[in-house]
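> please find the sequence and the predicted model below.
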Amino acid sequence: MSPLASFAAGIASGTIRVVDLTHTLDPDFPVIILPPEFGQCARFRMEEISAYDHRGPAWKWHNISMSEHTGTHFDAPSHWISGRDVPNGSVDEIDPAAFVGPVCVIDCSDGAAQDDDFELTVDGITAWEQEYGRIPTAAWVLMRTDWSKRRGAAYLNMREDGPHSPGPTPDAIRFLIEQRDIRGFGTETVGTDAGQGSHYTPPYPAHYYLHGAGKYGLQCLNALDELPATGAVLVAAPLKIKNGTGSPLRVLALVEDT
Ligand code: MN
């Protein structure tokens, strides 16, 4: 059988499972909140055009609006100032082959349960590699924290000094880019950076280094506890928004039952 025929047969028989890593687009789902002097990200909104009524007797449909960075979403290089000159750096320009690739899941859920500001470090990454092997080139690296199970105010976890949520250190992100040449980095939190990521040098190091290197981000991922540490394939294709810096999307993981 050809690889694609074998793949289709695996999906049909269920030996390859499709795991949805996407939160539902919902007006109540939190969006990132920046300090008040900055522009703000819009939540998802939906308005009814008609619902089998005088406005359209046989059909129902809605108009929707949101930020490029609302809900489970993709960050393109052009999102950050470090990536503003990256070739093909907006969502409409990225080679679509980049939207399908292998995924490594680093389980930080124990640490995140103990410490809202838990940091993924280089030591944490190399410890993971001792157990599961070297992160392959062009992999998505996803930081599992089980943050996707949080609801309401606990998700952004705002305090007087700003949001508190786990994320990678600047050195960890540089290691993944420079030593492992990853495709991108994804999290279950509202950003690829820690809630307190503005206090690192540089501020928001995941955004700064990833996008400057032409790498991608995924945020607000759901259900990373359903993925194996290695072996799954991620399908993460953003909407084709002209000059778009990011996009809500459906993120699917293909997982082989062994
Ligand atoms: Mn974003």
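Sure thing, it's come through.

> for the ion, what is the nearest residue in the protein?
Nearest to the ion, among the residues of the chain, is His69, at 3.6 Å (C-beta to the ion). Where you see a C-beta, it was placed from the backbone N, CA and C, and this is true even at glycine.

> for that residue, helix, strand, or coil?
coil (DSSP: H, G, I helix; E, B strand; the rest coil).

> name the residues of the stretch 101-250 of the chain found near the ion, please.
The stretch 101-250 of the chain has residues Gly246 near the ion, with proximity defined as C-beta under 5 Å from the ion.

> strands of the stretch 101-250 of the chain, start to end?
119-120, 140-144, 158-159, 162-163, 167-168, 184-187, 216-219, 232-236, 246-248 (DSSP state E, counting those that start in this stretch).

> how about the ones you listed in a markdown table, adding mean pLDDT, distance to Asp85 and mean neighbour count?
A markdown table is the format used below for the strands of the stretch 101-250 of the chain (pLDDT from 0 to 100; distance: least, C-beta to C-beta, whole Å; neighbours: other C-beta atoms under 10 Å):
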| stretch | mean pLDDT | distance to Asp85 | mean neighbour count |
| --- | --- | --- | --- |
| strand 119-120 | 98 | 28 | 22 |
| strand 140-144 | 98 | 24 | 25 |
| strand 158-159 | 96 | 34 | 13 |
| strand 162-163 | 96 | 29 | 19 |
| strand 167-168 | 98 | 24 | 30 |
| strand 184-187 | 98 | 19 | 29 |
| strand 216-219 | 98 | 16 | 24 |
| strand 232-236 | 98 | 24 | 21 |
| strand 246-248 | 98 | 17 | 22 |
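
> out of those, nearest to Ser65?
Ranking the strands of the stretch 101-250 of the chain by proximity to Ser65 (C-beta to C-beta) places strand 246-248 first, at 11.2 Å.

> got a list of contacts for the closest one?
Strand 246-248 is contacted from outside by 25, 44, 66, 68-76, 79, 91, 217, 238-239, 241, using C-beta atoms under 8 Å, 6 or more residues apart in numbering.

> list the buried residues of the next helix or strand after that strand.
Using DSSP states H and E, the helix or strand that follows strand 246-248 in sequence is strand 251-256. By neighbour count with 16 or more other C-beta atoms under 10 Å, strand 251-256 contains the buried residues Val251, Leu252, Ala253, Leu254, Val255.
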